[in-house]
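*Asks:* sharing a model that was predicted from the sequence below.
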Amino acid sequence: MALYQFLCGVAVMILLSANGCDSNKPVCGKIHQGSKDWPWRVNISTISGSCLGTLISHEWVLTDIYCEPSLNGTVHLGQSHGNAYEDSRTVAYVTCHSAFLPWDGLCLLQLSAPVNFTNTLGPVCLSSTGFFHTGTEAYVDAGYGETEDVKTVGYNQCKCHLNQLQNDEICAGKGFNYWWNGCGSNVGGALVTKKNDTFVQTGVVQHDNHCPDPESLQSYTDVSYYKKWIINVTHNQASFVDFYLMGHDSDKYFVCPTFPPTGRPMPTPHDCTDGNDGRDDSIFDSGVTVMHSSFMLLCVLVLSFSCTG
């Protein structure tokens with residue numbers, strides 16, 4: 001009997017390990033039935049202003065590097081669609097990391113004390129991959145308790161418009177041609193996609209000093225690019241999930257279209273009612289091509305030599 005119990009215990013441990021079970025990691029990316037609020041959304045208050053962030057575990061918050069608060073900053077958690085926050089914590093520890101540019105990167109904030117999860121307060125899942133098909137449905141934290149529906153844009157297509165796009169950035173926009181931009185109100189907020197009924201954070205809203213208009217393309221810091229750093233800092237408290245998409249990826253072989261150089265005048269249509277097609281009578285603007293005209297000249301010369309001979 002004892003041997004049977006031992007073997008059953010070993011089998012259970014193997015199954016739990018195979019499924020990546022971790023008692024320290026609660027269920028992530030879930031929204032309480034009937035609610036439209038993101039339980040992972042947080043507001044970070046500092047002396048200089050406020051930013052958004054996301055709760056990724058009982059004691060860690062993820063945000064944009066622009067939002068790096070001092071240790072006296074306050075994190076408000078569990079807001080219910082414009083109502084008062086459910087809980088708050090001060091910031092006990094801050095660490096930031098930038099892979100390329102010093103003003104683009106992520107910060108992790110350790111809360112002064114762990115929070116208890118409820119129906120309106122819980123962590124988001126983090127994506128292990130930053131590659132998404134163009135047109136994948138996504139949602140961005142627009143600030144003030146609101147969200148905005150957007151679509152992901154493939155890296156190759158995005159780089160056609162943002163030639164300074166870094167490897168730690170991904171893109172999303174509203175529709176395929178018009179892009180969402182919060183221009184400061186949602187810096188540090190989450191860009192999320194859905195895997196079945198689970199929300200997975202793929203990007204973080206960046207700060208942009210230029211405040212581009214709503215029709216400009218928006219880039220986000222790729223969460224998956226900082227996976228190792230997040231795991232090391234949080235001691236593996238955050239929940240990363242694989243996010244693989246099936247089907248054709250139109251961005252894989254996407255080639256940037258060619259456009260006329262800026263400032264080059266576009267040709268204007270000619271008025272053909274008088275029988276003049278707008279071209280002069282030179283050989284370079286006749287009804288035949290230059291190559292054909294040269295060939296005709298060569299034929300005339302050959303015939304001339306033949307006649308004189």
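*Replies:* Cool, the structure landed.
*Asks:* thinking Val187 is in contact with Cys67, fair?
*Replies:* Yes. Counting by Cβ atoms under 8 Å, Val187 does reach Cys67; the two are 6.2 Å apart. (Glycine included, C-beta is placed from N, CA and C.)
*Asks:* common neighbours of these two, please.
*Replies:* Taking Cβ atoms under 8 Å, 6 or more residues apart in numbering as the contact rule, Val187 and Cys67 both touch 51-52, 207.
*Asks:* among those, which are in strands?
*Replies:* Among the shared contacts of Val187 and Cys67, DSSP state E puts 51-52 in strands.
*Asks:* where do the helices sit along the stretch 151-300 of the chain?
*Replies:* Counting by DSSP state H, counting those that start in this stretch, the stretch 151-300 of the chain has helices at residues 155-161, 227-234, 290-308.
*Asks:* now the longest one: mean pLDDT?
*Replies:* Computed over helix 290-308, the mean pLDDT rounds to 46.
*Asks:* among the shared contacts of Val187 and Cys67, which one lies nearest to Phe199?
*Replies:* Leu52 (15.3 Å; Cβ to Cβ).
*Asks:* skipping its backbone neighbours, what lies nearest the closest one in space?
*Replies:* In space, and not counting its chain neighbours, Leu52 is closest to Gly189: 3.8 Å by Cβ to Cβ, 6 or more residues apart in numbering.
*Asks:* can you give me the strands in this structure?
*Replies:* According to DSSP E, the strands that the chain contains are 41-46, 49-55, 60-64, 74-77, 87-97, 106-111, 125-127, 137-143, 146-153, 169-173, 190-195, 198-205, 218-222, 240-241.
*Asks:* low pLDDT regions in the stretch 51-200 of the chain?
*Replies:* 80-83, 175-184 (pLDDT under 70).
*Asks:* circling back: residues near the residue nearest to Leu52, how many?
*Replies:* 30 (other Cβ atoms under 10 Å).
*Asks:* do I have it right that it meets Arg41?
*Replies:* Yes. Using Cβ under 8 Å, Gly189 is in contact with Arg41, at 7.4 Å.
*Asks:* which neighbours do these two share?
*Replies:* With contacts defined as Cβ under 8 Å, 6+ apart, the residues shared by Gly189 and Arg41 are 52, 54, 141.
*Asks:* of the residues you listed, which is the nearest to Thr234?
*Replies:* Using Cβ to Cβ, those come closest to Thr234 at Thr54, 12.8 Å.
*Asks:* show me the residues around the closest one that make contact.
*Replies:* 40-42, 61-63, 124, 189-190, 201, 204.
*Asks:* burial of Asn72, as a residue count?
*Replies:* Count around Asn72 with other Cβ under 10 Å applied: 10.
*Asks:* give me the nearest residue to it, chain neighbours excluded.
*Replies:* Of all residues not flanking Asn72 in the chain, Thr90 sits nearest, at 6.9 Å (Cβ to Cβ, 6+ apart).
*Asks:* number of nearby residues for the one you found?
*Replies:* Neighbours of Thr90 using other Cβ under 10 Å come to 14.
*Asks:* go ahead and confirm it touches Leu77.
*Replies:* No. When contacts are counted by Cβ under 8 Å, Thr90 is not listed as touching Leu77 (12.0 Å).
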